[in-house]
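> Requesting a structural model of the entry that follows:
(6 chains)
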There are 6 protein chains.
Amino acid sequence: MKPIEVADAGPEARAVLEDIMATRGVTDVNNFWKYLANEPRMLAHVWASLKELMGPGALDPLTKELIYVAVSITNNCEYCMASHTAAARAKGATDAQINELIAVVGLANMTNRLANGYRVPVDPQFRNSDAAPKT
Amino acid sequence: MKPIEVADAGPEARAVLEDIMATRGVTDVNNFWKYLANEPRMLAHVWASLKELMGPGALDPLTKELIYVAVSITNNCEYCMASHTAAARAKGATDAQINELIAVVGLANMTNRLANGYRVPVDPQFRNSDAAPKT
Amino acid sequence: MKPIEVADAGPEARAVLEDIMATRGVTDVNNFWKYLANEPRMLAHVWASLKELMGPGALDPLTKELIYVAVSITNNCEYCMASHTAAARAKGATDAQINELIAVVGLANMTNRLANGYRVPVDPQFRNSDAAPKT
Amino acid sequence: MKPIEVADAGPEARAVLEDIMATRGVTDVNNFWKYLANEPRMLAHVWASLKELMGPGALDPLTKELIYVAVSITNNCEYCMASHTAAARAKGATDAQINELIAVVGLANMTNRLANGYRVPVDPQFRNSDAAPKT
Amino acid sequence: MKPIEVADAGPEARAVLEDIMATRGVTDVNNFWKYLANEPRMLAHVWASLKELMGPGALDPLTKELIYVAVSITNNCEYCMASHTAAARAKGATDAQINELIAVVGLANMTNRLANGYRVPVDPQFRNSDAAPKT
Amino acid sequence: MKPIEVADAGPEARAVLEDIMATRGVTDVNNFWKYLANEPRMLAHVWASLKELMGPGALDPLTKELIYVAVSITNNCEYCMASHTAAARAKGATDAQINELIAVVGLANMTNRLANGYRVPVDPQFRNSDAAPKT
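The predicted structure is shown next:
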C-alpha cells in the first residue's frame, strides 16, 4: 500500500489529516497517517481516539508517551518507538528518562516471564487492593 | 516448583528476602519472591535491579509502576498486572489514572500493528530527533 | 544459514521443492523454502501441512490467507506479511479488503489488551456457546 | 476495577451502552463493555470503531470475526477468543471452520518463527506485488 | 470444542492417537491430542512433526524439551509449560535445571527488549559468523 | 541514543565494560554493551546477571545459548538472534543443531497456539509432576 499525501486524499481522509495538522500546528502529517489514509474510516477513529486520550487527562501527556514507548519496545514496533520517543522528547523527556524507561521495560519483560514460568499465584492482598481501590 | 518461605530459605536466598522485607518495611514477601527463591542467584539479581531502578530516579516511582503495568498488560501476565497495579495504587495512582493507562496501552497495541501492517517507513525527523536528543 | 537452490538440494529436500513447484505451477520456489531446505525434515512437514490445510476446505483459500496475514501482522513477521499479502492478492484480495483486514487486526490487538487489562471474566453465554456449538 | 451495569453508568457511558443494546437487539451488554464503561471516552471510541469496521464492508462480517479470533489466539486473550468465537458461530461459523481456523493460526505462528529464525529476505516479486496491487 | 476420546475418534484421528500411544508406551493420550482430534488433518501433521523432530537428532531430546519450555514461557502458554516441563523431567531434568532455564528465559526476554529499545545495530562479526558457520 | 565507546564511558560504566573484556578475553565489547552504557546502573545489573547465569551451572553454556536463541526468535529480536547464534557457534553448535533448534522453536510456537485455541485443560498428571518433582 502506498502513502497518500494530504493533497491527494479523498474528502473523508483529508478532513482528518487537516485536523491533525491544525491540532498540532504543522504543515504536513507523519508517514503513519499517510498510510492509514488508505482506510479513511480507521484513520478517523484512530485520530479521534488519540486526540482525546493522549492529551491532558488523569495522566500527563509525557507519561502517556512513555507508556506508548514501553508498549512499542515490548512489541518491537520500530516506527512506533521512533515516533513516540520523538513525541516524548518534544514533551520534555530527557536522555536520562528515556534510558530509565528502557531499563524498566527490560525488567518488566523479564519478571513477566519469571512470574509466568513459576506460575506464581496472585497474592490475596493484590486482589483485595483491586476490589477496594483507592479513588 | 513450590514457594519457599523466608524461614525455610537457605542463607543466600534468605539474605535477599530479608533485605526485601527491611527495604519495604513488611514482615513477609510476596509470592513472586518466594518462588524466585528457588533460584537464589536470580533472586539476588532481580531484587538488586528492581531495588535500584524502580526507586526515585530520572522518572518518579509511580510513572515506573505504570510503565510496568503497561508492559504486563501487553504480555498478559496476570500476576504482574495485579502486583504492579497494587504498587501503583500504593504510590497514589487513582482509578482515573489506571483507566487511562489501560486505554493508552490498548491504543498503543493497536497502532503498533497498524504501523507494522502498512510497513510505515520511519520519518526522517524522527531519526534526527534521536540522533540529536535534548539532554 | 544460506538459502539452498533447488538444483543444489539433497534428494529429500529436492523432492519437496519439486512438489512445491509442480503444485504451484512455477519454475522456482520462494526464499522461505530455500532457507527451510537447510532442515529437510521440517521442510517436508511444513509443506505437507500447508499443502493440505491452506487449499480448499471448510474455509476458502482467500480467507485462510487473510488469517495468515492477520497473525503475521500481530507477530510483526515482515517476510510473512509480504508473502501472504501477495498470496491473498493472487487469490483475489482487493486493496479495500487488505485495508479493512489491517484495521481489524489493529482493533483486535487493542481490545485483546483492554480485556486483559480489566481481567474481564468470560460471560456465561460465551462458555455455553462453546459447549453446544452449532455444527 | 469493577464492572458498571447499564443502570449505574453515567450519561456518557450509558448512551454508548444503550446504543450497543439497540444495535444488537439485546437487553444487556457483555462484560467487556461493562468494564470498559470505567473509561467512558475509550468506551465510546472502541464501540464506534467496532460498529463501523466489523459490520458489512469489503470483507464480510464472518471473515472479520475469524480474523479477530486468529489475533486473539495468537495473543492468548481468553476473553476475546470466547466472545469472538461465539460471534463467529452466531454469524454461521461451523465447527469445521473453527477447527480449520485454529489449524491455520497454528501454522502461521510456526512459519512466522521459521522465517524470523532464518532471517529470510523478502522475495522481490512480493515487494513488486505490493507496489502494484490488483485493485 | 470438546475433547475426543480415542474410542470415539474417527478412523483418521484414531490411527494417529493409537500411534501416539504405541510410540510412547501409554494407554491414553494427553488432553492436547484429544482436542486436536477435532481436526484430524492437523492432528496427523503435528504428531508426525513432533515424532520426527523431538526425538534423538542433532540435539538431544532433553535439550529440545527445554527449548520447548522456553518458548512456552515466553508466550505464556500454561498448558505447554506444564506438559513440556513434565516431559523434560521425565527425560531427566532436575529442579536446578528447570530453575536455571526459567532464569535464562527471563534474561533473554529482558535483553531482547533492551536491544530493541536501543535499536542496537548488529555487529559485523555476528553477520560474518553466520555467513561462514562452523559445520 | 548513541553507543558509548569504552574510552568515552564514565567510571561506573567503564568498570563494567572492562570486566566484560577481561572476562571474555577481548579488546572491545559488542554494540549491545555500548548502547546499554547509556544507563550504567542497568549495564551493571545485566552484565552481573549474564556473567553468573550464562556460565557453567546446572545447564551447560551451549544449552543456555540455544535457549537464548529460541526466545529471541520467538520475540523476533534480530540483534539477539545474531549475537546469541554466534555465541552458540563459538561454544560448538553445528549447523545441524541450529537448524533443529529453529525447527523446534517453530513447532513450539505452533502448538502453543493450538493449545490456547482449544483452551486445553492441563492434565492432572502434569500438575502432579510439578508438585512432586524429581530432584
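> and residue A:129, what pLDDT?
We have a pLDDT of 51 for residue A:129.
> Residue A:29 contacts residue A:6, correct?
Yes - with contact defined as Cβ atoms under 8 Å, residue A:29 reaches residue A:6; the gap is 6.5 Å. To be clear about C-beta, it is placed using only N, CA and C from the backbone, and glycine gets the same treatment.
> what residues are shared contacts of the two?
Common neighbours of residue A:29 and residue A:6, counting by Cβ atoms under 8 Å, 6 or more residues apart in numbering or on different chains, are A:17, A:21.
> Just want the phi and psi numbers for residue A:13.
Note on residue A:13: its backbone torsions stand at phi -70, psi -40 [degrees, to the nearest 10].
> Could you tell me how many residues sit around residue A:6?
18 (other Cβ atoms under 10 Å in any protein chain shown).
> err, residue A:7, not the other one
The number of residues near residue A:7, taken as other Cβ under 10 Å, comes to 7.
> Ok, residue A:89 next?
Residue A:89 has 22 neighbouring residues, counting by other Cβ under 10 Å.
> Check it and give its pLDDT.
Residue A:89 is given a pLDDT of 97.
> tell me the SS of it?
helix (DSSP: H, G, I helix; E, B strand; the rest coil).
> From residue B:39, how far off is it?
38 Å (Cβ to Cβ, to the nearest Å).
> which bits of chain A sit near chain C?
Taking Cβ under 8 Å from any Cβ of the partner chain as the contact definition, chain A meets chain C at A:1, A:38, A:39, A:41, A:42, A:46, A:75, A:76, A:77.
> farthest-separated two in these?
Greatest spatial distance among the residues of chain A next to chain C (Cβ to Cβ): A:41 and A:76, at 27.4 Å.
> Compare those two and say which is more crowded by neighbours.
Taking neighbours as other Cβ under 10 Å, residue A:41 and residue A:76 compare with residue A:76 leading, 22 against 18.
> Now for the more buried one: which residues touch it?
Residue A:76 neighbours (Cβ under 8 Å, 6+ apart): C:76, E:116, F:75, F:76, F:77.
> The helix or strand hosting the second one vs chain B: in contact?
Secondary structure assigned from DSSP states H and E places residue E:116 in helix E:95-117. Yes - counting by Cβ under 8 Å from any Cβ, contacts between helix E:95-117 and chain B involve E:95, E:98, E:99, E:100, E:102, E:103, E:106.
> any idea how far residue B:34 is from the fourth one?
Put plainly, it is residue E:100. 18 Å.
> Ok, the first one next?
Applying Cβ to Cβ, the value for residue E:95 to residue B:34 is 15 Å.
> ok, these two, which is more surrounded?
More crowded of residue E:95 and residue B:34, by other Cβ under 10 Å: residue B:34, with 23 against 16.
> show me the contacts for that one.
Here residue B:34 is in contact with B:3, B:4, B:5, B:6 (Cβ under 8 Å, 6+ apart).
> now swap in residue A:115 and tell me
Residue A:115 makes contact with B:32, B:77, B:79, B:80 under the criterion Cβ under 8 Å, 6+ apart.
> And for it, nearest residue in space, chain neighbours not counted?
Nearest non-adjacent residue to residue A:115, counting by Cβ to Cβ, 6 or more residues apart in numbering or on different chains: residue B:79, 4.1 Å away.
> residue contacts, the one you found?
Neighbours of residue B:79 in contact, by Cβ under 8 Å, 6+ apart: A:115, A:116, A:120, A:121, A:122, B:31, B:32.
> 7 Å instead, please
Contacts for residue B:79 (Cβ atoms under 7 Å, 6 or more residues apart in numbering or on different chains) come out as A:115, A:120, A:122, B:32.
> any idea how far it is from residue B:29?
14 Å.
> Check residue A:118 too.
14 Å.
> same deal with residue A:70?
26 Å.
> Neighbour count for those two, which is higher?
Neighbour count, other Cβ under 10 Å: between residue A:70 and residue B:29, residue A:70 has more, with 31 against 23.
> distance between whatever helix or strand that one lives in and the chain's centre?
Using DSSP H and E, residue A:70 sits within helix A:61-75. In terms of Cα atoms, centre = their mean, to the nearest Å, the centre of helix A:61-75 is found 5 Å from the chain centre.
> buried stuff in that helix?
By neighbour count on 16 or more other Cβ atoms under 10 Å in any protein chain shown, the buried set for helix A:61-75 is A:61-75.
> can you tell if that helix touches chain F?
No - Helix A:61-75 lies apart from chain F when judged by Cβ under 7 Å from any Cβ of the partner chain; the minimum separation is 9.2 Å.
> Check whether that helix comes close enough to chain B to count as a contact.
Yes - on the criterion Cβ under 7 Å from any Cβ, helix A:61-75 is in touch with chain B at A:63, A:64, A:66, A:67, A:68, A:70, A:71, A:72, A:74, A:75.
> how about JSON lines for those residues, with distance to residue E:23 and pLDDT added?
JSON lines is the format used below for the residues of helix A:61-75 next to chain B (distance: Cβ to Cβ, whole Å; pLDDT from 0 to 100):
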{"residue": "A:63", "distance to residue E:23": "55", "pLDDT": "98"}
{"residue": "A:64", "distance to residue E:23": "54", "pLDDT": "98"}
{"residue": "A:66", "distance to residue E:23": "52", "pLDDT": "98"}
{"residue": "A:67", "distance to residue E:23": "49", "pLDDT": "98"}
{"residue": "A:68", "distance to residue E:23": "49", "pLDDT": "98"}
{"residue": "A:70", "distance to residue E:23": "45", "pLDDT": "98"}
{"residue": "A:71", "distance to residue E:23": "43", "pLDDT": "98"}
{"residue": "A:72", "distance to residue E:23": "45", "pLDDT": "98"}
{"residue": "A:74", "distance to residue E:23": "39", "pLDDT": "98"}
{"residue": "A:75", "distance to residue E:23": "39", "pLDDT": "98"}
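> from the residues you listed, which is closest to chain D?
Nearest to chain D among the residues of helix A:61-75 next to chain B: residue A:75, at 10.5 Å, using Cβ to the nearest Cβ.
> Wait, the closest one touches residue B:111, no?
No - using Cβ atoms under 7 Å, residue A:75 is not in contact with residue B:111, being 10.2 Å away.
> returning to what we had before: which of the residues of helix E:95-117 next to chain B lies at the shortest distance from residue B:85?
Distance ranking of the residues of helix E:95-117 next to chain B against residue B:85, using Cβ to Cβ, places residue E:106 first at 20.7 Å.
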